[in-house]
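Undergrad: What would the 3D arrangement of this be:
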Amino acid sequence: MLSGHGDDTYLYKDIQINFSSNIYPHADLTALEQHLCRNIDCIRSYPEPSPRSLEAMIARKYGIEAEEVMVTSGATDAIYLIAQAMRRLKTYHVVHPTFSEYDDACRMFGYEEKEAGAALCWLCNPNNPTGQVVTEDSLLNLSQQFELMVVDQSYEDYTLLHLPQPDEMLRHANIVQIHSMTKQYAIPGLRLGYITGSSSIIQHLRQHGRPWAVNSLAIEAGKWLVAGSEKLIADIQSYTDETQRLRNRLNTIEGITALPTQTTFFLCTIQGATAAELKTHLATKHGILIRDASNFRGLTPHHFRIATQTPAENDALVDAISQFIQQR
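TA: The predicted structure is shown next:
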């Protein structure tokens, strides 16, 4: 696991506004918290060895079979499980810049990276950190080059664009999708995700899964969330509109370029300073945390990532960056 992921608030004192995590920060989790408190006794017993009850609920939601769903302890757990289970493929390709764990998981299980002719491909869609979305046609064309393509749709709820749903992708036997309830419902501490794909692939993945890998509270939360109808992410149209407003304001600052995005997070570059210097200044002087994106493969020491917050918090970020630039 690469050090330097987002949300490293533990490294600083008095962070007041966190732009470093892409997960929606203002979800009202009160009802979920109350439900878990009422069902806290579930921690007294082992969870299901495999969370089949939750898998069945997810399958009904999409109109697919339970054998085509596998619940995992977060999307990252799914990444490492797939890399382990499919290591017979031996070679892999990753579309960069993107989440580092695809590379890390493949290295852990002895794959060789190949630019052309790889058997396994990893695609993050929408992509972290760029915020770009690959269309379904482009995705299907790309998948024809590989024996297996893994599409990580962890941020599928953070865009207005249509993304292929599991019932659509199951027509393509060489594609599996990763989904993140952690991000969909803004519950990063519970670690909950799932894989959808053909029953033969899911059966193979189960053979490499660990028993009791998903804890009782996470399963209980997952069932409550899937059964409910409320969306914990605020109106996505307003959220993306605010993202564009923030980008426009940042682009008025000399030396700052906020790059286009199709989600609620985006990359920026800074001239005349490094992202690390800007991050340290914002954290120590303003209590604001951004994501230094220089450790994403293919990016530079001048790249940083922003995830949209409230209008007032976004304005505070713009003012703080403007002050930093003026003091240089």
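Undergrad: Show me what whatever helix or strand residue 316 lives in is packed up against.
TA: Assigned by DSSP states H and E, residue 316 falls within helix 311-327. The contact analysis (3 or more C-beta pairs under 8 Å, 6 or more residues apart in numbering; DSSP states H and E) places helix 311-327 against strand 17-18, helix 236-250, helix 275-281, strand 288-289. (Each C-beta comes from the backbone N, C-alpha and C, glycine too.)
Undergrad: how does this structure divide into domains?
TA: Domains of the chain are assigned by automatic domain parsing as 9-26+234-327, 30-227.
Undergrad: Including mean pLDDT and mean neighbour count, could the ones you listed go into a markdown table?
TA: Shown next, in a markdown table, are these (pLDDT from 0 to 100; neighbours: other C-beta atoms under 10 Å):
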| stretch | mean pLDDT | mean neighbour count |
| --- | --- | --- |
| domain 9-26+234-327 | 95 | 18 |
| domain 30-227 | 97 | 19 |
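Undergrad: hmm, back to that, what's the angle between the helix holding residue 316 and helix 236-250?
TA: Calculated by axes from the mean of the first three to the mean of the last three C-alpha atoms, to 10 degrees, helix 311-327 forms an angle of 20 degrees with helix 236-250.
Undergrad: List the contacts of helix 311-327.
TA: Here helix 311-327 makes contact (C-beta atoms under 8 Å, 6 or more residues apart in numbering) with 17, 19, 242, 245-246, 249-250, 253-256, 272-273, 278, 281-282, 285-286, 288, 290, 306, 308-309.
Undergrad: Stretch 104-124 now?
TA: With contacts defined as C-beta under 8 Å, 6+ apart, stretch 104-124 is touched by 1-2, 79-80, 82-84, 86-87, 89-95, 98-99, 102-103, 134, 139, 142-143, 145-152, 154-155.
Undergrad: rerun that using 7 Å as the cut-off
TA: 1-2, 79-80, 83-84, 86-87, 89-95, 98-99, 102, 134, 142, 146-152 (C-beta atoms under 7 Å, 6 or more residues apart in numbering).
Undergrad: And for stretch 68-88?
TA: In contact with stretch 68-88 (C-beta under 7 Å, 6+ apart) are residues 51, 54-55, 58-59, 101-102, 105-106, 108-111, 120, 148, 150, 152, 154, 170, 176, 178, 180, 182, 191-199, 202, 204-206, 208-209, 213-214.
Undergrad: Same check on stretch 223-230?
TA: Contacts for stretch 223-230 (C-beta under 7 Å, 6+ apart): 32, 35, 53-54, 57-58, 61, 181, 185.
Undergrad: The contacts of stretch 68-88 in helices, which ones?
TA: Judged by DSSP state H, the contacts of stretch 68-88 include 54-55, 58-59, 101-102, 105-106, 108, 182, 199, 202, 204-206 as members of helices.
Undergrad: is it fair to say residue 218 lies in a helix?
TA: Yes - assigned with DSSP: H, G, I helix; E, B strand; the rest coil, residue 218 falls within a helix.
Undergrad: contacting residues for it?
TA: With contacts taken as C-beta under 7 Å, 6+ apart, residue 218 has the following neighbours: 190-192.
Undergrad: Please report how far it lies from residue 189.
TA: Residue 218 is 9 Å from residue 189, where distance means C-beta to C-beta, to the nearest Å.
Undergrad: separation between residue 182 and residue 253?
TA: Per C-beta to C-beta, residue 182 is found 33 Å from residue 253.
Undergrad: Tell me where the chain has strands.
TA: 17-18, 69-72, 91-94, 112-113, 120-124, 148-152, 175-180, 193-196, 256-258, 265-270, 288-289, 291-292, 303-307 (DSSP state E).
Undergrad: nearest residue to residue 271 other than its sequence neighbours?
TA: Of all residues not flanking residue 271 in the chain, residue 255 sits nearest, at 4.2 Å (C-beta to C-beta, 6 or more residues apart in numbering).
Undergrad: One more: residue 39?
TA: Excluding its sequence neighbours, the residue lying closest to residue 39 (C-beta to C-beta, 6+ apart) is residue 220, at 5.3 Å.
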